[in-house]
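>>> heads up, no residue letters with this:
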Ligand SMILES: Nc1ncnc2c1ncn2[C@@H]1O[C@H](COP(=O)(O)OP(=O)(O)OP(=O)(O)O)[C@@H](O)[C@H]1O
């Protein structure tokens, strides 16, 4: 059996009397895309926050590459390979599209963010940044200021930045939320490609069942903070607990 790249054991967080994530034990493997589903308030985003280090666990553990990272902050976890698309909060609106990706390329390469490196980066760094913009179909917008982009373009840029950081584990929280119909396939194709390359581990929180069906190798279901199902998509989608707890009604055959 392969070693999990990410592993949570009895991971729990309480907010006052409310247990938002309740003793969740799950393993995530390279080359596998796991979709985390569940009703609103089930604890999906909170589980992500516990994995990426945005929230401290009340109890339980998070392991990345076999290392216990439970007490490490988000920056240390990022360096260990946990990458997360942060729903626009890590974009620099007053810099151009290219500059935003370039900063991520530089950060990955360990190049400091001096004013000089900001404005006169090496050709290779720019080429790498352009490569990631091509991947998200945004090369034509390289000179646009990020603050002027549509919501969908900002989400795509966020994916480019995440890719530029080259994490082993990629976490996407509803990556197509707020996108127009024609933008959605670009991001879905990309996530599909990312999963296939370099044995990466991909975690996705998603509500849209067509997206879940298109991408999932495995589905984890959270309900009231508890993991209630974990397995192959066909099996999990048909399980009684998912039909009742998540889908509400039985799926037509
Ligand atoms: N910082 C916080 N303080 C208090 N309660 C919180 C906090 N963050 C989340 N919660 C609560 O924890 C529960 C889980 O929330 P979470 O956002 O993780 O659910 P979710 O499954 O991602 O929902 P959605 O699908 O609506 O995004 C909710 O009841 C929420 O109100």
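Sure thing, it's come through. From a predicted model like this one, the values you see are computed outputs, not experimental measurements.

>>> So residue 70 versus residue 168, what's the distance?
18 Å (Cβ to Cβ, to the nearest Å). (Each C-beta comes from the backbone N, C-alpha and C, glycine too.)

>>> ok, now residue 191?
15 Å.

>>> between those two, who's got more neighbours?
Set residue 191 next to residue 168 and count neighbours by other Cβ atoms under 10 Å: residue 191 wins out with 21 against 17.

>>> Contacts only, for the residue nearest to the more buried one when sequence neighbours are not counted.
Spatial nearest neighbour of residue 191, chain neighbours left out: residue 215 (6.2 Å); criterion: Cβ to Cβ, 6 or more residues apart in numbering. Residue 215 makes contact with 33, 35, 188, 191, 192, 195, 204, 206, according to Cβ atoms under 8 Å, 6 or more residues apart in numbering.

>>> so which helix or strand takes in the second one?
In this structure, residue 35 is located in strand 33-37 according to DSSP states H and E.

>>> hmm, the helix or strand that that strand is followed by touching the ligand?
Toward the C-terminal end, the helix or strand that comes next after strand 33-37 (DSSP H and E) is helix 44-52. Yes: using Cβ under 6 Å from any ligand atom, we find that helix 44-52 touches the ligand at 44, 45, 46.

>>> Which among those residues count as buried?
Burial by neighbour count, 16 or more other Cβ atoms under 10 Å: within the residues of helix 44-52 next to the ligand this picks out 44, 45, 46.

>>> The last one against residue 13, yeah?
Yes: with contact taken as Cβ atoms under 8 Å, residue 46 and residue 13 are classed as touching, separated by 6.2 Å.

>>> what touches both of these two?
With Cβ under 8 Å, 6+ apart as the test, residue 46 and residue 13 both reach 20, 21, 55.

>>> picking that back up, ok, so what distance separates the residue nearest to residue 191 from the ligand?
As judged by Cβ to the nearest ligand atom, to the nearest Å, residue 215 and the ligand stand 17 Å apart.

>>> cool, residue 193 as well?
26 Å.

>>> again with residue 133
29 Å.

>>> Quick check: phi and psi at that residue.
Phi and psi for residue 133, reported as degrees, to the nearest 10, are phi -70, psi -40.

>>> Would you mind measuring from the residue most central in space within the chain to the ligand?
In the chain, the centroid-proximal residue (Cα atoms, centre = their mean) is residue 171; its distance is 1.7 Å. Distance, residue 171 to the ligand, using Cβ to the nearest ligand atom: 13 Å.
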